[in-house]
Structures are given as C-alpha cells and as structure tokens.
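1. sharing a sequence plus its predicted fold:
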Amino acid sequence: MSKKINLEFNKNEDGMKLALSDMKKKLAIIEKGGGEKSIAKQHEKGKMTARERISYLIDKKTEFNELMAFAGYEMYKDHGGCPAGGTVAGIGYVKGRQCVIVANDQTVKAGAWFPITGKKNLRLQEIALENKLPIIYLVDSAGVYLPMQDEIFPDKEHFGRIFRNNAQMSSRGITQIAAVMGSCVAGGAYLPIMSDETLMVEEHGSIFLAGPYLAKAAIGENVDIQTLGGAVTHTEISGIADYKFKTEKECLDQVKRIIDKIGQQEKAGFDRIKPVPPLKDPQEIYGFLSVENNKQYDVLEVIERIVDNSEFDQFKKDYGKTIVCGYARIDGWAVGIVANQRKIVKSGKNEMQLGGVIYNDSADKAARFIMNCNQKKIPLVFLQDVTGFMVGSRSEHSGIIKDGAKLVNAVSNSVVPKITIIIGNSYGAGNYAMCGKAYDPRFIYSWPNGKIAVMGGEQAAKTLLQIQVASLKSKGETITPETEKEMLTKIIDKYNAQTSAYYAAARLWIDAIIDPIETRKVISNGIEAANHAPIEREMNVGVFQV
C-alpha cells in the first residue's frame, strides 16, 4: 500500500471499529430485556430468562445466530420500549440440528405482543417454512399488548397469521415443538396446541382462552390459574398437553430428546467441499469501506477476504464493470456472488467513477449470471453498495429501464437461495435489483454502516428543502440564507436517522446488523439452513423486453 492508501485504510478501519463498538453497547442494553429488576424477579420465581433458556437448550460449544435483536429499537417510547421486540430468537443447533428458536421475553411487559413482536414472529416462521427447519417455541407471554391491539389483531400480517402458519408448517411436515414455561393466554393459547407436541412446566406454565378475571366477569366463576389451565389440568384432564415437568431444565431436556429423534429429510444438494480459510487476512475487511459510505474502493478486496482461499472466478470480467459477478466457495459451499463495484476504472479512453451505480451493461451481465446460477443450482450472495441505476438521456435512450427490468425479473424469479449483505448504501431501485427485502432473500444482513433509502441523504434533503422553501414563499414568508441552512441541517439529520441500519433493523427490513468479519459465517449458516429445503421448481423468467 502507498502511504496515502495506508492512511485511508487505517482511517476506515478505525471508523468501522468505532461503529462496531457502538453496536455492541446497544446490544448489551437490549440483552437485558426489561432490566435487572425484571430479571431478578424471574429468578426469584425459579424461572430462567429467555436467553438463559436458549443457552441451556442449544448444543454446547455451538453459537446461537440471534436474529432481529434490534426489533423495535427506539420504537414505542411512549409505552416504555420493547427491547428485541419482546422476543429472543434465531437459529441454533439442538442435538446437531439447525432449529429456529423463538423465546418470549417475560421481562418485557410480561412477554406481551407489540406490533413488532407479531412481525418478528411471522418472519421467524417464514424462515422455518422456507428452509424446512424445525421450530421450537419457548412460550411465556401475557398475550396481545392491549393498548395497541388495533395494530396487531385483525390484519393479514398480524397476530392471527401465526396460527395459520402453524397449520401450514404442520401440513408440510415441519416439526413444531412448544414448551410452555409461563403464561399462554387468549388467542396465543392456539400456538402450543397447533404445534406437534406441547410441554408444560408445573406451577408456572398455563394455557387458557380466558384467565380467571375474565372467567369471573363472563360467567361468575371463581377459579385459580393452575386449576383453570395449569400443567396438571392439561395433561390429566383436558389432554391438550403431552408432557409436564417440575423444572424448566427437565422440560428443555425433553425438547432435546424430541429433536434428537427426528428423521432425516431430503436435502437440496448444494455443493460443499472441505472449507479453506481465506488466503488474505479477513481482519483487513474493516479497512476498505468508510463508515460514511462516500469513498471509492475495490469490492474484490472485500470478496477475497470472505471466500475460501481468496479465490474468485469472475464472470464477464471486462464487461459491465459496475457490477462484479463470479463463482467462489464460502466455508466450502459453492456460491455465485453479485456485488456492486465502487472504484474508478477505465472505460475505453475515459476514466469512470462508478460509485455503486448500475449501468445497462452491468444489469444485463448480472441478469445473465443469476440465470446461470439457477441453471447450476448454485446459491446466490448479493453484496449491496448501490446508489441506483444510471440516469440521464444517454442511459434512457440506451434502454436502462429495460435492462433494469431484466435484472429485477431475474432476481424475482430466481429459485436458488439468495442471501443479501448490505455492506454500504442500498438506495432506490438498486435495492430491488440487488435483492432487497422485497425480493425474498432467505436472509438479509447489514454491516453497521449500511444505509437504506430511496436516495442519498444530500440529494433527498435538497429536494425536500426546495419543496419546503417554495411552500413558505408561497405563503409570503421571507427565507434568509441562514434560515435555509438551518432547515437543510434539520432535514439531513432526520433523513440520515431514517436511513441508518438501526432504523432498518428496528422495522425488520433486515434480519440483523453484523460485524463485517462475521459475513463469511452468516452466509455459510444461511446456505446450510437453505440446504434443508429442496428446490421444487425450475426458474421461469416469464415475459420481458430483450
């Protein structure tokens, strides 16, 4: 490296590590759920927290890939917040098998369901459905958060959809285990009973459509919780539960034994050989991108620190240079990589600053590559740092909309698993073309510097400023340069907050914010999960302009 490049690299590295430190501080607060006092109350009752239950359930010396930890981040402030959406969840190994695990966090509003809780649970069921993974529910919830019931109860993507998904997963042979370790009230009572097997912890677990207070109000009956719907009632009288246990650990041990005996399913058959670590130092991945996402870099440097032996076979290397496509292996898995390029390259006699823009030839190349990967049954990895498609008369006359539509068509109709990592910007139609959330990636992650928006902050802010200034002037108000500058600053600050990775993660536009060095691991875990679900149809792109 030259001295200048080395200084830039060190600056980027420092910036990324500071961003990671900030992320870890935020996660440490989230992981405390409702706080130390609420955790102490759980322990006083002889109950474990959601995170402790998961830690006991998963295999020793394995990692839990937590998903959507930032769900609800900085939302619901008027209601005291909802850390992690009131649910701790992700993918972990139980008896050597990948399982989706969903655990209500009773320390957060007694495990009540906020709107984001429902959205998070539906996403986890979607992951189990798409990848045909067993799903384990660790139930401890007071039911719907009543002050916001209108935002979670009746719509298609609300609370009730969960039970529809229970039925769908059962019909497709996906194992569902419910361990009731606390309350399970009202509509939520259907979840364990629609699972394959239901386990309950004595004295703590309870299942009923209406609790003692409602039973008293509705029919005048005086009854206690355990008599109404405790473990003894449901294993000895109603028969709706299958097992009862004295302790949570005994209950979780039985969950392990159930998972241990599940028969092997047909696999998708994605190619995997013995993994080889990257030849180039993965730690250097921190130094290529600036946290502001405003500097040029060579995405090949990033790829070579993710893939096995740092080997990457480029497809159409000298054509469509604003998107890099090629074949590689990640932790032994064969993959096809589609990545935006952000360096200055020569195009004929001219130098062209790419800046993550998609041109006609790049869109055409990427569409062809995606179809090739589908033909060969190779999973796709998208590395997003895109500011959109090229604009202007030259691009329009060349048919940029047509070529962009071709790429969107290929992404939409791809049948192999798609895993998306936002490593920088994700703007406008570029988000769609590079497999944003709307295009059904099996998993979608972001680095801490990721930004998702319809356009860049500066461009958007100037557009919004022009509209506001014109509106004020039409009302006869005088706008000074100082006032205009102040207005622009406020707009930029608000817009930037809404484009951050945290804003996206809070609303589940992404599954998690990850440490860049974890990129290789989460991709490998994602393909391993996807390999449980055989591809059931061929790719058909339908009708599009050629």
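-> Received the coordinates, thanks.

2. wait, Ser412 sits on Tyr439?
-> Yes: using C-beta atoms under 8 Å, Ser412 is in contact with Tyr439, at 6.1 Å. All C-beta spots, glycine's among them, are computed from the backbone N, C-alpha and C.

3. higher neighbour count, those two?
-> Using other C-beta atoms under 10 Å as the criterion, Ser412 and Tyr439 rank with Tyr439 on top: 18 against 15.

4. quick one: contacts for the nearest residue to the more buried one once chain neighbours are set aside?
-> Nearest residue to Tyr439 in three dimensions, chain neighbours excluded: Val411, at 5.2 Å (C-beta to C-beta, 6 or more residues apart in numbering). For Val411, the contact set (C-beta atoms under 8 Å, 6 or more residues apart in numbering) comprises Ile370, Lys418, Tyr432, Ala433, Met434, Cys435, Tyr439.

5. of these, which is the most crowded?
-> Ala433 (32 neighbours).

6. roughly how far does the closest residue to that one other than its chain neighbours sit from Asp318?
-> Among residues not flanking Ala433 along the chain, Leu407 sits closest, at 4.8 Å (C-beta to C-beta, 6+ apart). Using C-beta to C-beta, to the nearest Å, we find Leu407 at a distance of 19 Å from Asp318.

7. between the two, which one's more packed in?
-> Leu407 (28 against 7).

8. so which of the contacts of Val411 comes closest to Asp14?
-> Comparing those against Asp14 with C-beta to C-beta places Met434 closest, at 27.9 Å.

9. poorly predicted segments of the stretch 201-350 of the chain, please.
-> Within the stretch 201-350 of the chain, the set of residues satisfying pLDDT under 70 comprises 344-350.

10. sketch out the helices for it, chain order is fine.
-> Ranges of helices in the stretch 201-350 of the chain, per DSSP state H, counting those that start in this stretch, are 212-219, 225-229, 231-232, 248-260, 299-303.

11. so how far is Ser414 from the residue nearest to Ala433?
-> Per C-beta to C-beta, Leu407 is found 11 Å from Ser414.

12. any common contacting residues for those two?
-> Ile370.

13. picking up where we left off before, in helices only, show me the contacts of Val411.
-> Those of those mapping onto helices are Ile370, Tyr432, Ala433, per DSSP state H.

14. counting neighbours, what do you get for the residue nearest to the second one when sequence neighbours are not counted?
-> Which is Tyr432. Here the nearest residue to Tyr432 in space, its sequence neighbours aside, is Val408; by C-beta to C-beta, 6+ apart that works out to 5.7 Å. Here the number of neighbours of Val408 (other C-beta under 10 Å) works out to 19.

15. return the helix or strand hosting Val408 as PDB; C-alpha atoms alone will do.
-> Here Val408, judged by DSSP states H and E, is contained in helix 400-413. Taking C-alpha atoms only, helix 400-413 is exported to PDB below (Å, rounded to 0.1, in the frame of the first residue of the first chain):
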ATOM      1  CA  ILE A 400     -31.800   1.500 -18.900                       C
ATOM      2  CA  ILE A 401     -35.300   0.800 -17.700                       C
ATOM      3  CA  LYS A 402     -35.500  -2.300 -20.000                       C
ATOM      4  CA  ASP A 403     -32.100  -3.600 -18.700                       C
ATOM      5  CA  GLY A 404     -33.000  -2.800 -15.100                       C
ATOM      6  CA  ALA A 405     -36.300  -4.600 -15.500                       C
ATOM      7  CA  LYS A 406     -34.400  -7.600 -16.900                       C
ATOM      8  CA  LEU A 407     -32.300  -7.800 -13.800                       C
ATOM      9  CA  VAL A 408     -35.300  -7.300 -11.500                       C
ATOM     10  CA  ASN A 409     -37.000 -10.100 -13.400                       C
ATOM     11  CA  ALA A 410     -34.100 -12.500 -12.900                       C
ATOM     12  CA  VAL A 411     -33.900 -11.700  -9.100                       C
ATOM     13  CA  SER A 412     -37.600 -12.000  -8.700                       C
ATOM     14  CA  ASN A 413     -37.800 -15.400 -10.400                       C
END
